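**Student:** following is a predicted model, sequence given first.
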Amino acid sequence: MSRIELDRVVVRAATPGGPVPEVTVLRETTLDLTEQRIALVGPNGSGKSTLARLVNGLVEPTSGRVVVDGLDVAKKGREVRRRVGFVFTDPSAQLVMPTVVEDVALSLRHQVRGREERADAARGVLASYGLEELADRSVHTLSGGQRQLLALAGVLATDPAVLVADEPTTLLDLRNARMIGDLLLGLPQQLVLATHDLDLALRCDRVLLVDDGTVVADGAPDEVVAHYRASAG
Ligand SMILES: Nc1ncnc2c1ncn2[C@@H]1O[C@H](COP(=O)(O)OP(=O)(O)OP(=O)(O)O)[C@@H](O)[C@H]1O
């Protein structure tokens with residue numbers, strides 16, 4: 001399993017034109033994450049996405065350090081991003097090529113060298129997710145569920161050690177949310193999952209409750225989720 005360490009991490013963001021010049025998005029946070037499945041839960045705007053994005057350098061700490069498997073994210077960003085896959089709430093953000101098969105092929109650019117070989121490998125990846133019939137379609141013609149599955153397939157094809165998923169089921173209907181949730185929780189990789197789905201959080205190994213830029217509870221899923229439910233009134 002991988003190890004994600006946050007050492008006194010603070011994130012501040014400039015707010016040009018706002019009532020104050022900057023806001024603290026994440027207050028000083030120190031964490032050592034070694035469990036396989038870690039859920040981040042908490043109210044809207046609490047800092048879950050910020051915490052998730054720190055893990056692969058999409059957000060940089062204002063102070064402190066984020067270290068993944070001994071690699072400092074600020075110094076070894078490229079290496080960290082090869083180890084840490086990321087899935088967004090809205091998969092459109094990461095599906096950039098005209099067709100489905102080209103999109104998966106793009107993900108495989110570091111793994112498979114030749115153009116033809118890459119296209120073949122991409123079709124193989126699609127087949128393993130039951131998406132082969134969509135290979136030549138435009139990503140814009142896919143349903144939300146198909147798009148999220150495709151985004152996930154593309155990221156997993158690169159065999160990351162860690163997968164960070166930021167509310168990956170929020171835009172999906174019940175059936176697709178369940179399918180993607182089951183897939184994520186069944187992965188052999190370490191998973192960091194920001195989610196509003198408390199049933200998914202309960203199936204993780206450790207849950208962090210984030211509120212107002214601070215981890216306010218951290219530990220066994222049933223206890224932390226019960227705490228969250230009670231605090232939400
Ligand atoms: N670059 C930024 N500039 C200004 N404010 C920011 C910036 N990034 C985050 N914030 C603010 O920090 C807070 C935490 O944001 P974050 O996206 O991490 O929350 P979240 O817990 O993921 O929320 P949600 O559940 O709604 O997705 C929010 O109030 C957000 O508006």
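**Tutor:** Arrived safely. Numbering: from 1, shown residues only.
**Student:** residue numbers of this protein in contact with the ligand?
**Tutor:** 13, 15, 23, 25, 42, 44, 45, 46, 47, 48, 49, 50 (CB under 6 Å from any ligand atom). Where you see a C-beta, it was placed from the backbone N, CA and C, and this is true even at glycine.
**Student:** and with 5 Å instead?
**Tutor:** Within the chain, the residues that sit near the ligand (CB under 5 Å from any ligand atom) are 13, 25, 44, 45, 46, 47, 48, 49, 50.
**Student:** hmm, which of these are the buried ones?
**Tutor:** Among the residues of the chain next to the ligand, those classed as buried by 16 or more other CB atoms under 10 Å are 25, 46, 47, 48, 49, 50.
**Student:** list just the nearest of those to residue 203.
**Tutor:** Nearest to residue 203, judged by CB to CB, of these is residue 48 at 17.3 Å.
**Student:** residue ranges with poor pLDDT in the chain?
**Tutor:** Residue ranges of the chain with pLDDT under 70: 233.
**Student:** show me where it has helices.
**Tutor:** Along the chain, counting by DSSP state H, helices occupy 48-54, 77-83, 100-107, 115-128, 144-156, 174-185, 198-202, 221-231.
**Student:** nearest to residue 1, out of those?
**Tutor:** helix 77-83 (12.4 Å).
**Student:** give me the contact list for the closest one.
**Tutor:** Residues outside helix 77-83 that contact it (CB atoms under 8 Å, 6 or more residues apart in numbering) are 2, 56, 57, 68, 69, 71, 73, 110, 158, 160, 161, 162.
**Student:** any chance of those in CSV, with distance to residue 179 too?
**Tutor:** CSV is the format used below for the contacts of helix 77-83 (distance: CB to CB, whole Å):
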residue, distance to residue 179
2, 25
56, 24
57, 29
68, 28
69, 29
71, 32
73, 31
110, 28
158, 21
160, 20
161, 24
162, 22
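**Student:** just to revisit the earlier point, export the helices of the chain to JSON lines and tack on distance to residue 191?
**Tutor:** Shown next, in JSON lines, are those (distance: least, CB to CB, whole Å):
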{"stretch": "helix 48-54", "distance to residue 191": "11"}
{"stretch": "helix 77-83", "distance to residue 191": "13"}
{"stretch": "helix 100-107", "distance to residue 191": "18"}
{"stretch": "helix 115-128", "distance to residue 191": "19"}
{"stretch": "helix 144-156", "distance to residue 191": "11"}
{"stretch": "helix 174-185", "distance to residue 191": "6"}
{"stretch": "helix 198-202", "distance to residue 191": "10"}
{"stretch": "helix 221-231", "distance to residue 191": "13"}
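**Student:** do you know which of these lies nearest residue 94?
**Tutor:** Among those, helix 144-156 comes nearest to residue 94, with 5.3 Å by CB to CB.
**Student:** contacts for the closest one?
**Tutor:** Applying CB under 8 Å, 6+ apart, the set of residues contacting helix 144-156 is 85-88, 91-92, 94-95, 100, 103-104, 106-107, 125-126, 128-129, 131, 134, 139, 142, 163, 168-169, 171-173, 175-176, 179-180, 183-184, 187.
**Student:** which one of the residues of the chain next to the ligand sits closest to residue 214?
**Tutor:** Checking the residues of the chain next to the ligand one by one against residue 214 (CB to CB), the nearest turns out to be residue 47, at 7.6 Å.
**Student:** and the gap between the closest one and residue 139?
**Tutor:** Residue 47 is 30 Å from residue 139, where distance means CB to CB, to the nearest Å.
**Student:** and if you look at residue 215?
**Tutor:** 36 Å.
**Student:** nothing else from me, thank you.
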